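Chemist: Take a look and give me a structure for this.
(2 chains)
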Amino acid sequence: MTSYDYQEALKNAAKSMVRVKHPRRLLRMMVRFLDREVGLTHSSILIYDQFKARYIFIDSKGSQRIPVNLIKLDATNPLIRWFSDRDQLFKVKRDYLTTQSLSGWMEDPHSISNGSVAVEAKLRLRQLNDAMKTLKAAVCIPGHYKRELLGVLILGDKLNHESFTSEELSFFQTLANDAAMALKTAAYQEDLLAKNVELEMQKKRLQLQLKEIEALRKKEQETYYEIVMSLAQEVHAKDPYTSGHLRGVERLGVMTAQEMGYDLSGRAKDILVAALHLHDVGKIGIPDQILKKPSPLTEEEWKIMKLHPEKGAKILAPLSGFKEVAKIVLCHHERYDGAGYPAGLRGEQIPFESRIISVVDAFHAIISTRSYKKGYPLEAAYQELERCAGTQFDPRVVQAFIRAHKRLMAKSKDVEATPKTAAS
Amino acid sequence: MKLLIVDDEVEICDFLKSFFEERDYQVITATSGEEALEWVEKAKPKVVLLDIKMPGMSGIEVLEAIKQKEPGTKVIMVTAIETRDKIEQCLRLGADNYITKPLSLEYLENDVREKIEGLSRPSRN
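Modeler: Model prediction:
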C-alpha cells in the first residue's frame, strides 16, 4: 500500500465524481474503489436519510462487509454523536476516528476531556468503542457539509494488518468531503426539482382557477347582456323606430368597429354592444307627445328631445359596469365637426363607439320610414352618409360602415337589406 | 441466553451473530425455515429472531410451527416487509414482537434481553 499513488488516485476519483450525477452511484463507486485499491476487511458508507432522520448503509464491500439495509443508526448512536456533537466534553478534533487513537483516549480519558466530567467521558468513549466494534471499524471519517453530518465513511482493518498512514487518512478525508459535497449538491438539485414540480402544480391550480374565473366572467357577461337587452327592449317599446332591428344594429356596429381595426376582445365588445342597444335609453324620459309627434318638433320640443343623451347617461351611470357605456351614450349626438350636442366635442374627443353609433343610427333614420321622412333607396342612403362624412360623421367610420353593410348585405338578405316597415 | 437467528442471507446471520456474541449471548444461526425448526427442537433457544421472506418455508410458517412445538419460545419477527396485514397475521400467530429492517441494534438487543429476562422471571399474572 505504501507505493500507492494517492495523488493520482484522488485526481481520478475527483474526475469521476464530476461525471457522476447520482450521488448514490458515486458513493458506490467510492466503496468499490476503496475495496479494490486499498485492501481492507471492509469499506462501507453510512449516509443520512433525511426523510426518516436516520443513518443507513448505502454500500459495503469486503469480507467483513456490513449487510446493507439491515441496520440503521439514529442520532443517539455513539458514533453519530461523536461526529455531530458540538459539546465541550472532549478537547479533541473530530475530523476522523481510529481504533488506535480511541484506545489511547480510553486509557487516559483526562488527556482529552475536561476534568470535571471524566466519568461521563469515560462512559462515552466506551460506548464509542462498542459502536466501532459492532461495525468492525478501524477508521471512521465523517463527511460534513457546513456543520451537518451527511455521512460517515467506515473502514475495516487493512488486510495486511498495517496501521493507516497519515497520508492515507488525509486521502480518505478528502474523499469523504468530496462525497459530502456531491450529496449536498444532489440534494440541492433534488430540491430544485421538487420546487419545479411544486411550481408546475401551482400553475395547474392557477389554470383551474382561471377557468373558474372565466366561467364566472361568462356568467356575469350573460347577466349584463340580459340587463342590456331588457333595457333596450324598453326603449324599443317606447319608440319602435329608434333602434330598428336590435340584432341588426348590434351586428352592424360590431362589424364597423372590426372593419376599422378596433380590438373588441374582453369587455370592449360588451361595452360597444350595450351602447349600440342603449344609446337612446334616455328617450324613456322624454314625454310621449314629443317622442311620438308626427309633425316636426317646435324649438322648445327639440330642446327637450336633445336632452335624451344626458338622461340616458344618468340612467346608466349608477349601474356598476356601465360607466363606459354611459359615456358613449352621452356622446352619441356629438358631431365630428364639433357642432353636435350636448358638449360640442369634436373628432377623436368623441369616443369611437359614439362615432360608430351616430352613423348606424343615422343610417337607420335614413332607410327607415320614419314618421317625418320617406324611405330612401340604399345607394342614396350611402351617398347621404358620405355627404355628411367629415362634418356630422367621422369619415373613417362612414367608409367602414358602408363596407360592413355591403358585406352584410351580400351575406344575408334578411338583416338590414330591406327597410323595416313602420310599426303601426 | 440462547438465541437463534434465522435469515436466508448468511451475511445477516453472521453480522447479528457477532453482535450478540460480543454481548455474551450464545448464538445459533439458520439460513432456512427447515433448519431453524431442527435447531428449535435440538437446542431449545429462548428467543428466535425470524426473517419472514425466505425461500422454502416462510417465516410465518416457521412461526406457526415453533408456537405449536415450543410455545414458550419467544419469537421476534425481523423483516423488511411492513404491511399492516402481515404484522397482524404474525401477532395473531403468537409472534412476540415485530421489527422492521433497517433496524436499530440497540432496540433489537433491548428487546431480546427483555424477552429473555421476562422468561427467567415468574409469570407476572
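Chemist: Excluding covalently adjacent residues, which one is nearest to the residue of the stretch 151-300 of chain A found nearest chain B?
Modeler: The stretch 151-300 of chain A approaches chain B most closely through residue A:156 (12.6 Å), counting by Cβ to the nearest Cβ. In short, each C-beta sits where N, CA and C put it, glycine included. Distances taken as Cβ to Cβ, 6 or more residues apart in numbering or on different chains put residue A:41 closest to residue A:156, at 3.3 Å, once the chain neighbours are dropped.
Chemist: How many residues are close by the one you found?
Modeler: 17 (other Cβ atoms under 10 Å in any protein chain shown).
Chemist: distance of it from chain B?
Modeler: 12 Å (Cβ to the nearest Cβ, to the nearest Å).
Chemist: what about that residue, distance to residue A:199?
Modeler: Separation of residue A:41 from residue A:199 (Cβ to Cβ, to the nearest Å): 48 Å.
Chemist: same check, this time on residue A:261
Modeler: In terms of Cβ to Cβ, residue A:261 sits 38 Å off from residue A:199.
Chemist: and chain B, which residues reach chain A?
Modeler: B:9, B:11-12, B:15-16, B:18-19, B:22, B:80, B:101-106 (Cβ under 8 Å from any Cβ of the partner chain).
Chemist: From those residues, list just the buried residues.
Modeler: Burial by neighbour count, 16 or more other Cβ atoms under 10 Å in any protein chain shown: within the residues of chain B next to chain A this picks out B:12, B:15, B:16, B:19, B:101, B:102, B:103, B:104, B:105.
Chemist: ok, and the closest non-adjacent residue to the first one?
Modeler: Right, residue B:12. residue A:67 (4.7 Å).
Chemist: got it, and the last one?
Modeler: Distance criterion Cβ to Cβ, 6+ apart; nearest residue to residue B:105, sequence neighbours excluded, is residue A:71 at 5.6 Å.
Chemist: now the one you found: how far from residue A:210?
Modeler: Taking Cβ to Cβ, one finds residue A:71 at 51 Å from residue A:210.
Chemist: buried ones in stretch A:73-83?
Modeler: A:73, A:77, A:78, A:79, A:80, A:81, A:82, A:83.
Chemist: nope, stretch A:132-139 is what I meant
Modeler: A:132, A:134, A:135, A:136, A:137, A:138, A:139.
Chemist: One more: stretch A:266-284?
Modeler: For stretch A:266-284, by 16+ other Cβ under 10 Å, it's A:269-284.
Chemist: hang on, the earlier thing: now, the most widely separated pair of the buried ones among the residues of chain B next to chain A?
Modeler: B:12 and B:104 (15.1 Å; Cβ to Cβ).
Chemist: Could you report the neighbour count for residue B:10?
Modeler: By other Cβ under 10 Å, the residues close to residue B:10 number 11.
Chemist: excluding its backbone neighbours, what's nearest it?
Modeler: residue B:31 (5.9 Å).
Chemist: got any ranges where chain B has weak pLDDT?
Modeler: Residues of chain B meeting the criterion pLDDT under 70: B:1, B:119-125.
Chemist: What residue in the stretch 1-150 of chain A comes nearest to chain B?
Modeler: For the stretch 1-150 of chain A, the residue closest to chain B is residue A:72, as judged by Cβ to the nearest Cβ, at 3.8 Å.
Chemist: Going by secondary structure, that residue is in what exactly?
Modeler: strand A:72-73 (DSSP states H and E).
Chemist: ok, that strand: who's next to it in the sheet?
Modeler: strand A:54-61 (antiparallel) (DSSP bridges).
Chemist: Now tell me what touches the strand it pairs with from outside.
Modeler: A:24, A:27-28, A:31-32, A:34-35, A:42-49, A:66-74, A:77, A:80, A:151-152, B:102 (Cβ atoms under 8 Å, 6 or more residues apart in numbering or on different chains).
Chemist: Mind naming the longest helix for chain B?
Modeler: Secondary structure of chain B per DSSP state H: the longest helix is helix B:105-120.
Chemist: swap that for chain A, sorry
Modeler: helix A:166-238.
Chemist: Keep only those of the residues of chain B next to chain A that are in helices.
Modeler: Using DSSP H, the residues of chain B next to chain A in helices are B:11, B:12, B:15, B:16, B:18, B:19, B:22, B:105, B:106.
Chemist: For the first one, give me its contacts.
Modeler: This points to residue B:11. Applying Cβ under 8 Å, 6+ apart, the residues near residue B:11 are A:65, A:67.
Chemist: For the stretch 101-250 of chain A, which residues are neighbours of chain B?
Modeler: Contact residues (Cβ under 8 Å from any Cβ) of the stretch 101-250 of chain A with chain B: A:130, A:133, A:134, A:136.
Chemist: Which ones among those residues map onto helices?
Modeler: Using DSSP H, these in helices are A:130, A:133, A:134.
Chemist: Nearest the middle, which residue of chain B would you pick?
Modeler: residue B:49 (1.9 Å; Cα atoms, centre = their mean).
Chemist: Now which of the contacts of strand A:54-61 would you call buried?
Modeler: A:27-28, A:31, A:34-35, A:42-48, A:66-67, A:70-73, A:77, A:80, A:151-152, B:102.
Chemist: what about residue A:63, which SS state?
Modeler: coil (DSSP: H, G, I helix; E, B strand; the rest coil).
Chemist: That'll do, ta.
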